[in-house]
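Undergrad: model this:
(3 chains)
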Amino acid sequence: MNDFAELVYTATRKIPEGKVCTYGAVAKEIGNPKAARAVGAVLKKNPYGIESGCNSDQMVPCHRVVNMKGELTGFFGKTDEAAFERKRNLLEKEGVDFNTDGKVSQCCIHRKF
DNA sequence: CTAATGACCATTA
DNA sequence: ATAATGGCCATTA
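TA: The predicted structure follows:
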């Protein structure tokens, strides 16, 4: 575990339920506005996934992080349809609004912390 | 150590 | 409006 990853996890944990956030916003929050890509790399390897225990303090809601288009890009290192579906279900359950094209409604994207 | 990769983003065509 | 290009950063090979 390095400092950068720790920052990413900390920032991601701040995302409120029923909202989502972009990789870029997280990057900006941790002080590296250009590191959106690196943020994705960290979350991809996220050891504190929601499937590892939703009640844990160190849990990181990486499913609440999407790209700027509102797409779900990936879930637990998987980019297949099944993963997207699972992720989408989770978000809907938390109250996130989805468009007909399967993307997150822009209104639900939390850009500021 | 260097080179390639990716759950991104902003800028052009 | 969509499609392609370049840059960015940390991780991984």
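Undergrad: residue ranges with poor pLDDT in chain A?
TA: A:54 (pLDDT under 70).
Undergrad: show me where it has its strands.
TA: A:21-22, A:65-66 (DSSP state E).
Undergrad: can you name the residue of chain A nearest to DNA strand C?
TA: residue A:38 (3.0 Å; CB to the nearest atom of the strand). Every C-beta, even on glycine, is put in place using the N, C-alpha and C of the backbone.
Undergrad: residue contacts, that residue?
TA: By CB atoms under 8 Å, 6 or more residues apart in numbering, the residues touching residue A:38 are A:4, A:27, A:32.
Undergrad: skipping its backbone neighbours, what lies nearest residue A:53 in space?
TA: Excluding its sequence neighbours, the residue lying closest to residue A:53 (CB to CB, 6 or more residues apart in numbering) is residue A:59, at 6.2 Å.
Undergrad: related to what we said a few turns ago, put together TSV for the strands of chain A, with mean neighbour count on each row.
TA: Below are those laid out as TSV (neighbours: other CB atoms under 10 Å):
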stretch	mean neighbour count
strand A:21-22	22
strand A:65-66	24
